[in-house]
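In: Here is a sequence together with a model predicted from it:
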There are 2 protein chains.
Amino acid sequence: MAEQKPRYYRIADEIRGRIDRGDLEPGQQLPTEHELMAQYEASRNTVRLALRRLTDEGLVISGQGRGSYVRRAHVPAVWDWSVLESRSRHESNTNGGDQWASVVAESGREPRQEVRVSIRQPPADVAERLGLDPETAMTVVRERVRFIDQEPYALADSYFPEELVRGTPLMKPEDVSAPGGVLAQSGLIQVRYEDEITFRMPTRAESERLDLPPATPVAVHTRTGYDKGGKPLRVMVTTLPGDRHVIRYSVLAD
Amino acid sequence: MAEQKPRYYRIADEIRGRIDRGDLEPGQQLPTEHELMAQYEASRNTVRLALRRLTDEGLVISGQGRGSYVRRAHVPAVWDWSVLESRSRHESNTNGGDQWASVVAESGREPRQEVRVSIRQPPADVAERLGLDPETAMTVVRERVRFIDQEPYALADSYFPEELVRGTPLMKPEDVSAPGGVLAQSGLIQVRYEDEITFRMPTRAESERLDLPPATPVAVHTRTGYDKGGKPLRVMVTTLPGDRHVIRYSVLAD
């Protein structure tokens, strides 16, 4: 308990304090290595270790030869998954987009989606959630990149068993009115969802598609929708960067 | 789209493939830098950049001068927050611990908690969630480190308005039978919870308390419990490392 902390810990603590208090603001450049060496009477390596510490915590972005900056803040998207992507809200949606777009537009921000539709074998875990044979099953996949105010906010991929949705508007590559609603029009009513959330560092492909700065973890939100008989109708996998998202749920005590 | 990837990307992809296929197993040491330089006919810097890439993704743990290892897997704790820490389950719990401990024990694993109780001013966001004046409010705080099979799995800190719980068993430092149940015994019944989940890199203090390897993000799960009249009774802040947790929810379509 009484052991002496390394000097670079204390320098990192001090700089972290300046960020927390707002003396150093989001997007602002930190003092240069030379300036920090002078301020703290420390060696270059000590200063570098302190900065590395703050980079690993995600507070500071460092570019090779471009100095260090306080991470720029995003306006967080707060999504309540107790109501988001749920059936009746889909159907009451009147602005021609899907429910996600409505929620974003209601908050005064601008939603946009890039949609790609394909028919293919699902990943093994999606096949399992849909109760399909991973060797032979085919799914209709709607892959979306969701933008808010022109910035990428989430990847949202929905998988439908191909035999259930053949010939429905879900097969169209354009932005169909919400999948839940389209399912419902075909008599496929989701009454219950099972959600699983994991959180990890992004893969390289995810970092590129979402334009993530370093040290930005993602949550992977996987929703499986079931009909009244307990049959799975859809799996939706949403990848949410931690620097621009809050997940919300309302729960009634049992 | 057609641009050539740097060489170290392709080396990282190749090593990632060996990990994904299980050719390199969790906990196993990677070939040394020299061996990788020979295998890929690459320079030391190219090999280091490739390893750094895998370290940033959290797949590989590197220790200075101690080589690189495939990250060791934890048995994930899957916690369903639709039922966890909910009132009636607390009260029906019969093994003398709290509900969390019951859930873990039922899965055949060994729960243990270190509990510390104090009375102090809550952080500003907790005061706001409890509807208290952040300048003057006092809360009873129960801080727990939760271990499974002797490994730290979560930090769980509960905050109660001091005026509500003065003189109740919640003030005892030992592991009281679940807080929800104790609240209920005092006529304080939680009927609804609002949960918020954010995910970020851990602070240094969190890394140390949870013994986290590098590049391990955490989710911060904040549950506010309300009584029938909408009055907040408790805030519980749980910090969950991404390499050992899955969050689950069941949702009924509205």
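Out: Yep, that arrived.
In: residues of stretch A:32-52 that come out buried?
Out: A:L36, A:M37, A:Y40, A:A42, A:T46, A:V47, A:R48, A:L49, A:A50, A:L51 (16 or more other CB atoms under 10 Å in any protein chain shown). (C-beta placed from N, C-alpha, C; glycine too.)
In: A:F160: neighbouring residues, count only.
Out: Around A:F160 there are 28 other residues, counting by other CB atoms under 10 Å in any protein chain shown.
In: Not counting residues beside it along the chain, what's closest to it?
Out: Excluding the flanking residues, the one nearest A:F160 by CB to CB, 6 or more residues apart in numbering or on different chains is A:V140, at 4.6 Å.
In: Test for you: state the pLDDT assigned to the one you found.
Out: At A:V140, the model reports a pLDDT of 93.
In: Quick check: it touching A:P122?
Out: No - at 9.8 Å, A:V140 does not count as touching A:P122 under the criterion of CB atoms under 8 Å.
In: Please list the residues outside whichever strand or helix holds A:M37 that contact it.
Out: Of the helices and strands defined by DSSP states H and E, A:M37 is found in helix A:33-40. The contact list for helix A:33-40, computed with CB atoms under 8 Å, 6 or more residues apart in numbering or on different chains, reads A:I11, A:E14, A:L30, A:P31, A:A42, A:S43, A:R44, A:T46, A:V47, A:R48, A:A50, A:L51.
In: and the fifth one, that's in a helix?
Out: No - A:A42: not assigned to a helix; according to DSSP: H, G, I helix; E, B strand; the rest coil it is coil.
In: dump the residue contacts of it.
Out: Per CB under 8 Å, 6+ apart, neighbours of A:A42: A:R7, A:Y8, A:I11, A:L36, A:A50.
In: Helices of the stretch 101-250 of chain A, residue ranges please.
Out: Ranges of helices within the stretch 101-250 of chain A are A:124-129, A:162-165, A:179-185, A:204-210, based on DSSP state H, counting those that start in this stretch.
In: Quickly, which of those bottoms out on average pLDDT?
Out: helix A:179-185 (a mean of 69).
In: right, and the helix or strand after the helix holding A:M37?
Out: Following helix A:33-40 in sequence, per DSSP H and E, is helix A:44-56.
In: What count of nearby residues applies to A:V220?
Out: So A:V220, with other CB under 10 Å, has 17 neighbours.
In: Mind pulling up the pLDDT for the closest residue to it other than its chain neighbours?
Out: Nearest non-adjacent residue to A:V220, counting by CB to CB, 6+ apart: A:T198, 5.1 Å away. A:T198 carries a pLDDT value of 96.
In: again with A:H74
Out: Taking A:H74 on its own, its pLDDT is 84.
In: ok, the nearest residue to A:V145 once chain neighbours are set aside - contacts?
Out: Counting by CB to CB, 6+ apart, A:E114 is the residue found nearest to A:V145 once chain neighbours are left out, at 4.6 Å. Shown in contact with A:E114 (CB under 8 Å, 6+ apart): A:R144, A:V145, A:F147.
In: Now do the same for stretch A:56-64: mean pLDDT, whole number.
Out: Rounded mean pLDDT across stretch A:56-64 is 79.
In: what's the answer for stretch A:25-42, then?
Out: For stretch A:25-42, the per-residue pLDDT averages 92.
In: Could I have the CA atoms of it written out in PDB?
Out: Output in PDB follows, covering the C-alpha atoms of stretch A:25-42 (Å, rounded to 0.1, in the frame of the first residue of the first chain):
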ATOM      1  CA  GLU A  25     -10.200  20.900 -23.400                       C
ATOM      2  CA  PRO A  26     -11.300  18.200 -25.800                       C
ATOM      3  CA  GLY A  27      -9.500  18.600 -29.100                       C
ATOM      4  CA  GLN A  28      -6.800  20.800 -27.500                       C
ATOM      5  CA  GLN A  29      -3.100  20.100 -28.200                       C
ATOM      6  CA  LEU A  30      -1.100  19.100 -25.100                       C
ATOM      7  CA  PRO A  31       2.200  20.800 -24.400                       C
ATOM      8  CA  THR A  32       5.000  19.300 -26.500                       C
ATOM      9  CA  GLU A  33       7.400  16.700 -25.000                       C
ATOM     10  CA  HIS A  34      10.000  19.400 -24.500                       C
ATOM     11  CA  GLU A  35       7.600  21.600 -22.700                       C
ATOM     12  CA  LEU A  36       6.400  18.800 -20.500                       C
ATOM     13  CA  MET A  37      10.100  17.800 -19.800                       C
ATOM     14  CA  ALA A  38      10.700  21.400 -18.600                       C
ATOM     15  CA  GLN A  39       7.400  21.700 -16.600                       C
ATOM     16  CA  TYR A  40       8.000  18.400 -14.700                       C
ATOM     17  CA  GLU A  41      11.800  18.400 -14.700                       C
ATOM     18  CA  ALA A  42      11.600  15.000 -16.200                       C
END
